[in-house]
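Novice: quick one, fold the following:
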Amino acid sequence: MSTVNILPIILLILQLAGISHVWYSYLYKDGQIPQSFIELNILAVFSIGVLTLFRFRYYKPGKKRGLWLFPVSISFLIILTLLISYTVMGIEKYR
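Specialist: Numbers count the residues shown, from 1 in each chain. Predicted coordinates for the structure are as follows:
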């Protein structure tokens, strides 16, 4: 395997570990939602880094991206989840 093929796998494993830690802390820690929300923000910053890395280092038009589809999709979903939660918090605050 070359580094181009192993890097998406490493990033995917790190993302899944981060998501499972955020989910675990949300369910089983002291019930403090701010802790898991802060961890979700940190995970979103990591996801922005993954998207930036993909865009500027490995994205070439017309070339198959292969394994990059999974980390990029998960990064997009994490950022989308964070934006939705910010929107819901903003709506609830001014209701």
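Novice: worst-scoring helix or strand of this structure, pLDDT-wise?
Specialist: Least confident helix or strand of the chain, by mean pLDDT, DSSP states H and E, is helix 3-28 with a mean of 84.
Novice: got a list of what the nearest residue to residue 41 once chain neighbours are set aside touches?
Specialist: Beyond its immediate neighbours in the sequence, the residue positioned closest to residue 41 (CB to CB, 6 or more residues apart in numbering) is residue 82, lying 6.7 Å away. In this view, the C-beta of every residue, glycine as well, is placed from N, C-alpha and C. Counting by CB atoms under 8 Å, 6 or more residues apart in numbering, residue 82 touches 40-41, 44.
Novice: helix/strand/coil for residue 82?
Specialist: When the structure is split into helix, strand and coil by DSSP: H, G, I helix; E, B strand; the rest coil, residue 82 lands in helix.
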